[in-house]
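Novice: here is the input, now give the coordinates:
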Amino acid sequence: MGDVGGAGAIADNHTGHAGFDGNSGLDGNGGNDGQILRYDNSFGDLGVAISFEQEDGGSNGDIIGVGVTGGFGDVGLGVGFQTHDNASISGASVTAAFGDISGALNYSRLSNDVGDDTTHLGVGATYSTGATSVNVNFGQKDVGDMEQSGFGVAAQYDLGGGAKIQFGYGNSQNADDTDEDTWSLGLAMGF
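Specialist: Got it, this is the predicted structure:
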């Protein structure tokens, strides 16, 4: 599924807010250690992925996942599904690129045996031109009858040679009605 976070930030503040979901679904859920057997293949613009994560001491059983992606010019579609003994999650995303601007919209729904189903909606846009990239994103999670949301902003300037100035900001509206702000500014180095 398409990710709504674009430009990078030193502490990933723009993707660390209460409304962000990285589309990782049930990965590592219930004590599983993240060792995943995965098969990926593509047929033209159509991509398929199947994964299996074996339970290793958890209580939820093996995790099975299936995903499909496709593209139509500058528009991409993605759907995914994961399940184990106690829960399942399904989701869909749309991505698009128009010149210097790209964006993503994703939605997912998790159903479990406990009864506190979770829905998530995320939207984000990134503007990139020359050495500058700016991302804004918003997300909302509804867990049972509780709601939390947040938005993030990231900006980076590529200095060349693997060095980037990065700024990130995240605002969370938590389920307990508290409001939290985080930010970072720094120089990222990649070699």
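
Novice: what ranges do the strands span in this protein?
Specialist: 36-43, 46-53, 63-72, 75-84, 87-98, 101-112, 118-129, 132-143, 146-160, 163-173, 179-189 (DSSP state E).

Novice: low-confidence ranges, the protein, go.
Specialist: Within the chain, the stretches with pLDDT under 70 are 30-33, 58.

Novice: give me every residue that touches the residue nearest the centre of the chain.
Specialist: The centre of the chain sits closest to Gly22, judged by CA atoms, centre = their mean, with a distance of 2.3 Å. With contact set as CB atoms under 8 Å, 6 or more residues apart in numbering, Gly22 has these partners: 3, 15. Using the backbone N, CA and C atoms, a C-beta is placed for each residue, glycine as well.

Novice: before we move on, back to that, make CSV from the strands of the chain and add distance to Asn29 and mean neighbour count to it.
Specialist: Formatted as CSV, the strands of the chain follow (distance: least, CB to CB, whole Å; neighbours: other CB atoms under 10 Å):
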stretch, distance to Asn29, mean neighbour count
strand 36-43, 12, 10
strand 46-53, 9, 16
strand 63-72, 7, 17
strand 75-84, 7, 18
strand 87-98, 7, 18
strand 101-112, 10, 18
strand 118-129, 12, 19
strand 132-143, 15, 20
strand 146-160, 19, 19
strand 163-173, 22, 20
strand 179-189, 25, 13
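
Novice: out of those, flag the one nearest Val4.
Specialist: Nearest to Val4 among those is strand 118-129; the distance by CB to CB comes to 2.9 Å.

Novice: direction included, what does the closest one pair against?
Specialist: In the sheet, strand 118-129 lines up against strand 101-112 (antiparallel), strand 132-143 (antiparallel) (DSSP bridges).

Novice: can you redo those strands as TSV with distance to Ala7?
Specialist: TSV is the format used below for the strands paired with strand 118-129 (distance: least, CB to CB, whole Å):
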stretch	distance to Ala7
strand 101-112	11
strand 132-143	4
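
Novice: among those, which comes closest to Asp56?
Specialist: Of all the strands paired with strand 118-129, it is strand 101-112 that lies closest to Asp56, at 20.3 Å by CB to CB.
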